[in-house]
Structures are given as structure tokens and as C-alpha cells.
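[1] structure of the sequence below:
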Amino acid sequence: ANNLDLQFPNQLFINNEFVDASNGATFDTINPTDESVICKVSKGTKDDVNTAVKAAKEAFEEGPWGKMNPRDRGRIMYRLADLMEEHKEELATLEAMDSGAVYTLALKTHVGMSIDTFRYYAGWCDKIQGTTIPINQARPNHNLTYTKREPIGVV
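    Residues are numbered from 1 along each chain as shown. Sure, this is the predicted structure:
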């Protein structure tokens, strides 16, 4: 497609590796514009989902991301956005094939806005701060409460 030789994994991505579905099942991914089969993709099971959520929770709580300096997290997210931009034609071609979107829509909107979104949130990584809110002006003590924004983990 688009004179690109595209190669991409078609397995589940669990615990930082590509794996087949636990029961070996796959399904056809269909190009909606001509109903041709793009490829077979691993069909995750309930057990696969539970394994993925457990791995993501463990990675968040115990892995390097959760312990990383927020500024370094932002750098990684900026790098992801840069890599997406470097490969935007490939990503847009895959998106157009998979969703049936016109290539320019996939390039400018689906992929382009995803890149912008990663950059936006990368900028927030080291700007998570709380807010102090007055809740009671009674004397002799003025009571305050505060909010603290922090990642909550796997959602």
C-alpha cells in the first residue's frame, strides 16, 4: 500500500513482548474499502486480558516507569511522538487500510492528532502539582485542603 513494504506484528503485546493468544485463536482484520483480509491477528481471551492487566499493574507499581523522574517520563513520551512523526506515512497507511479512512485523513487527523496528544501530555509530566483550596475562614485557624495530581495506575 502506498508503495510501502509494511511489516508489523499481529500478536498481543503483553508484559513487553509479542505473544500469541493463550488459546492460539486469531481473527481476520478486514480492509473495509475492499473487504480483503489484511492479516490474521491474535484474538485475546479473558485470561489474556487478565494477564495483560496484571503485567501492566506490576510494571506501573514495580517497574522503572513508576519510579522514574517525571521529566524523564516526559522525554520518553516526546521521543515516542518523534518516532511516530518519523514513521507517520507508515502509520497512516496502516490506519487507512484498517479503518477505511482516506489516507490524508489518517495522516493529518488520526496519526497527526495522536502525535500532538502525546506531545501535549509529555509536557505535563513534570508539571503535576497540587492546589490549595480554602474551605473554612473560621478563626483562629483558617482551614485549607489541597489536591495532589498523581498517576493512579492501570485503568
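[2] which residues does residue 51 contact?
    Residue 51 makes contact with 14, 15, 22 under the criterion Cβ atoms under 8 Å, 6 or more residues apart in numbering. Yep, even glycine has a C-beta here, placed from its N, CA and C like the rest.
[3] next one: the last one from residue 52, what distance?
    Looking back up the chat, that one is residue 22. 11 Å (Cβ to Cβ, to the nearest Å).
[4] shared neighbours, those two?
    By Cβ under 8 Å, 6+ apart, no residue touches both residue 22 and residue 52.
[5] what's the spacing between the spatially most central residue of the chain and residue 148?
    Central residue of the chain (Cα atoms, centre = their mean): residue 118, 8.6 Å from the mean position. Residue 118 sits 24 Å away from residue 148, going by Cβ to Cβ.
[6] returning to what we had before: which of the contacts of residue 51 count as buried?
    The neighbour-count test (16 or more other Cβ atoms under 10 Å) applied to those identifies 14, 22 as buried.
[7] among the contacts of residue 51, which one lies nearest to residue 114?
    residue 14 (21.9 Å; Cβ to Cβ).
[8] check what pLDDT that closest one gets.
    Note for residue 14: predicted pLDDT of 97.
[9] and it, bridged to which residues?
    residue 17 (DSSP bridges).
[10] surely it touches residue 52?
    Yes: between residue 14 and residue 52 there is a contact under Cβ atoms under 8 Å: 4.6 Å.
[11] the strand or helix carrying residue 93 packs against which elements?
    Taking DSSP states H and E as the criterion, residue 93 maps to helix 88-99. Contacts defined by 3 or more Cβ pairs under 8 Å, 6 or more residues apart in numbering; DSSP states H and E place helix 88-99 against helix 103-105.
[12] which is the next helix or strand following the helix it packs on?
    Per DSSP H and E, the first helix or strand lying C-terminal to helix 103-105 is helix 112-124.
[13] just give the nearest non-adjacent residue to residue 30, would you?
    Distances taken as Cβ to Cβ, 6 or more residues apart in numbering put residue 37 closest to residue 30, at 6.3 Å, once the chain neighbours are dropped.
[14] state the pLDDT value of the one you found.
    So residue 37 comes in at 94 (pLDDT).
[15] tell me, how many residues neighbour it?
    9 (other Cβ atoms under 10 Å).
[16] dihedrals phi and psi, it?
    Backbone torsions of residue 37, given as degrees, to the nearest 10, read phi -80, psi 120.
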